[in-house]
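Peer 1: From the sequence below, what's the structure:
(one chain, ligands or ions: 1)
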Amino acid sequence: MKETVLSGMRSTGKLHLGNYFGAAVNYVKMQHEYDCYFFIADYHSLTTHPNPTELKHHVREMLATYLAVGLDPEVCTLYVQSDIPEIPELYLLLNMIAYKGELEKTASFKDKVRKAGQTINAGLLTYPVLMAADIIIHRAHKVPVGKDQEQHLEMTRNYVNRFNRLYEKEVFPEPVAFNFGDQLVKVPGLDGGGKMGKSEGEGNAVFLLDDEKINSKKIMRAKTDSGPTEPNSEKPVEIQNLFDIMQLVSTEETITTFNNAYNDCSIRYGDLKKQLAADVEQFIAPIRDKAKSIYDNETYLKEVMQHGAEKARINARITMDMVRDAIGINY
Ligand code: AMP
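Peer 2: Okay, here's the model as predicted:
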């Protein structure tokens with residue numbers, strides 16, 4: 001039997017090249033090797049109260065993008081979190097074994113409190129409990145998570161162990177963090193700093209669904225310096241970042257040409273960025289076109305959501321039967 005992998009996708013906003021190379025590409029491969037459950041985490045986004053039109057747009061856009069990059073709803077189970085009523089039911093039950101003190105100590109919660117002061121809602125406090133429910137509703141073994149989510153996964157393991165111990169039944173396996181593939185790709189941003197991310201400032205990320213004009217403008221504005229003055233010198237971070245992105249979207253020949261130009265100090269960053277913008281566009285255009293046509297096909301999207309929900313609920317119901325049996329809610 002294949003192991004179960006589960007991953008949630010934030011429903012707030014769109015995918016950038018970092019999400020694509022760091023996550024989506026792997027999901028597409030993973031779906032053939034594992035029993036994969038991928039869902040759009042719309043309940044989680046309600047902690048910040050998006051307006052209904054925005055929420056609907058984001059969920060549809062996210063689903064269309066993942067379908068466009070190659071998730072196959074016949075191969076994996078692809079669904080929207082709020083279509084699975086078993087998730088909030090399990091969330092309620094897990095809240096009975098989640099301690100208030102440990103939730104208050106979560107790094108992400110403390111961070112929110114620091115930033116938002118008094119406007120903290122209970123949904124933010126119990127975010128890790130909902131995340132645990134998302135994972136264990138499918139009795140998942142493996143969860144592809146980034147460093148920032150490790151603490152939440154640790155809490156999920158705590159709830160799993162607490163539940164199994166309290167009810168003296170091995171209902172849930174302990175989920176572990178999962179790196180698919182040999183190496184973790186980190187896509188750098190355009191601002192000369194660390195990684196590409198949507199919260200790192202407007203000009204930092206290249207989004208898959210943005211049009212050519214927007215993306216080219218961002219790339220042309222990417223941070224550079226005044227150019228190498230000595231042959232074969234080491235590239236400063238902001239220049240290396242551009243070469244790293246090039247590595248993902250350009251041909252070997254292009255990369256060699258610009259590397260040589262850097263090494264003999266003849267490089268012109270304007271040319272480098274123009275080439276990069278063209279290669280990014282060539283790479284993104286088919287994904288964007290496909291995602292846009294899927295987005296416009298409301299009937300198809302609804303079918304995908306319904307099909308995903310049906311598949312996900314079969315497994316979720318099995319889990320909830322086990323949970324209710326263990327607790328004794330089976331009169
Ligand atoms: P986020 O956009 O932070 O919710 O991340 C969603 C997924 O994309 C996670 O699996 C991240 O590890 C991955 N990801 C986000 N940004 C990058 C990046 N710049 N490079 C590689 N992977 C990334």
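Peer 1: Now do stretch 72-81: distance from first to last residue.
Peer 2: For stretch 72-81, the separation between the terminal residues is 18 Å (Cα to Cα, to the nearest Å).
Peer 1: Any buried residues in it, and which?
Peer 2: Along stretch 72-81, the positions that meet the burial threshold by neighbour count (16 or more other Cβ atoms under 10 Å) are 73, 76, 77, 78, 79, 80, 81. Bear in mind the C-beta positions are built from the backbone N, C-alpha and C, glycine included.
Peer 1: Might one say that the first one is in contact with residue 304?
Peer 2: In this case it means residue 73. Yes: applying Cβ atoms under 8 Å, one finds residue 73 in contact with residue 304, separated by 5.1 Å.
Peer 1: Spit out the residues that contact these two alike.
Peer 2: Shared contacts of residue 73 and residue 304, defined by Cβ atoms under 8 Å, 6 or more residues apart in numbering, comprise residue 67.
Peer 1: that's a strand at residue 79, yeah?
Peer 2: Yes: the assignment for residue 79, made by DSSP: H, G, I helix; E, B strand; the rest coil, places it in a strand.
Peer 1: Leaving out the residues flanking it, which one is nearest to it?
Peer 2: residue 308 (3.4 Å; Cβ to Cβ, 6 or more residues apart in numbering).
Peer 1: got a list of what the one you found touches?
Peer 2: Here residue 308 is in contact with 39, 73, 77, 78, 79, 80, 83 (criterion: Cβ under 8 Å, 6+ apart).
Peer 1: The fourth one bridge partners, please.
Peer 2: It refers to residue 78. Applying DSSP bridges to residue 78 yields these beta-bridge partners: residue 38.
Peer 1: List the contacts of it.
Peer 2: Contacts for residue 78 (Cβ under 8 Å, 6+ apart) come out as 38, 39, 63, 66, 67, 71, 304, 308.
Peer 1: Report how many residues lie close to the fourth one.
Peer 2: By the other Cβ atoms under 10 Å criterion, the neighbourhood of residue 66 contains 24 residues.
Peer 1: same check, this time on the third one
Peer 2: One way to gauge burial is a neighbour count; for residue 63, by other Cβ under 10 Å, it gives 26.
Peer 1: Was I right to think it contacts residue 307?
Peer 2: No: counting by Cβ under 8 Å, residue 307 is not a contact partner of residue 63; they are 11.8 Å apart.
Peer 1: now residue 56: how far from the ligand?
Peer 2: If you measure residue 56 against the ligand using Cβ to the nearest ligand atom, to the nearest Å, the figure is 20 Å.
Peer 1: Now do the contacts for the residue nearest to residue 138 when sequence neighbours are not counted.
Peer 2: Leaving out its chain neighbours, the residue that sits closest to residue 138 by Cβ to Cβ, 6+ apart is residue 37, at 5.0 Å. If you count contacts by Cβ under 8 Å, 6+ apart, residue 37 has them with 4, 5, 6, 7, 76, 77, 79, 138, 140, 312, 315.
Peer 1: The ligand: which of the residues you listed is nearest?
Peer 2: The shortest separation between the ligand and any of the contacts of residue 37 is 7.5 Å, and it belongs to residue 7 (by Cβ to the nearest ligand atom).
Peer 1: what are the phi and psi values for residue 143?
Peer 2: According to degrees, to the nearest 10, the main-chain angles of residue 143 amount to phi -130, psi 120.
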